[in-house]
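S.K.: got a sequence here, can you model it:
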Amino acid sequence: MSKKTPDFDGVTTLPAPNDRIPVGAEDYARAVKGDQYKCALAWAIRRKYPQAMRIRVNRGEVSFSIGEQRMHYPSDEEIIEQVIRPLDTGGELKPTTVRLHDGYVTPVQYSDEEQLARKRLVMAERASKARRNGVINESSKAGYRRFKEGD
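M.R.: Sure, this is the predicted structure:
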């Protein structure tokens, strides 16, 4: 089960406690051995939550971001034995369902480059809105000029 919560882009689906993620043959086919960003469980999470970003699965933790929230779940024995170890050691890859539980949420932390890109996007949207509404003044022109120059 998933719950709905308001987010910056409308309504975003967030994982519910004890959410189950099916890991199928198509996830194993796309998986890359030893890659914590492209393992079978990461592909399964992408399928279940298309808006999930920065998905990482390793022996210590499963984490991903949805909107402005970062979800963290421990990689319990079920995840390690059924998904991670068989893929990394060349064992038998069986479709399974794993449970994400005992997780916690933190705010997303952006790098300096990401923060700058987000700021530029906001400035461009404001300038575009001002032009659409016919409110072109020196302040909006300056903001648009800064965006175009990349400051």
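S.K.: any idea of the mean pLDDT for stretch 51-60?
M.R.: Across stretch 51-60, pLDDT averages out at 90.
S.K.: tell me the buried residues in that stretch?
M.R.: 52, 55-57 (16 or more other CB atoms under 10 Å). Using the backbone N, CA and C atoms, a C-beta is placed for each residue, glycine as well.
S.K.: okay, now the domains of this structure?
M.R.: 2-107, 112-149 (automatic domain parsing).
S.K.: deepest in the core, which of the ones you listed is it.
M.R.: Mean neighbour count (mean count of other CB atoms under 10 Å) peaks for domain 2-107 among these, with a mean of 16.
S.K.: ok, back up a step: which one of the buried residues of stretch 51-60 sits closest to Met123?
M.R.: Ala52 (27.2 Å; CB to CB).
S.K.: what sits opposite the residue nearest the centre of the chain in the beta ladder?
M.R.: Ranked by distance to the mean C-alpha position of the chain (CA atoms, centre = their mean), the top residue is Met53 at 1.8 Å. Beta-bridge partners recorded for Met53 (DSSP bridges): Ser65.
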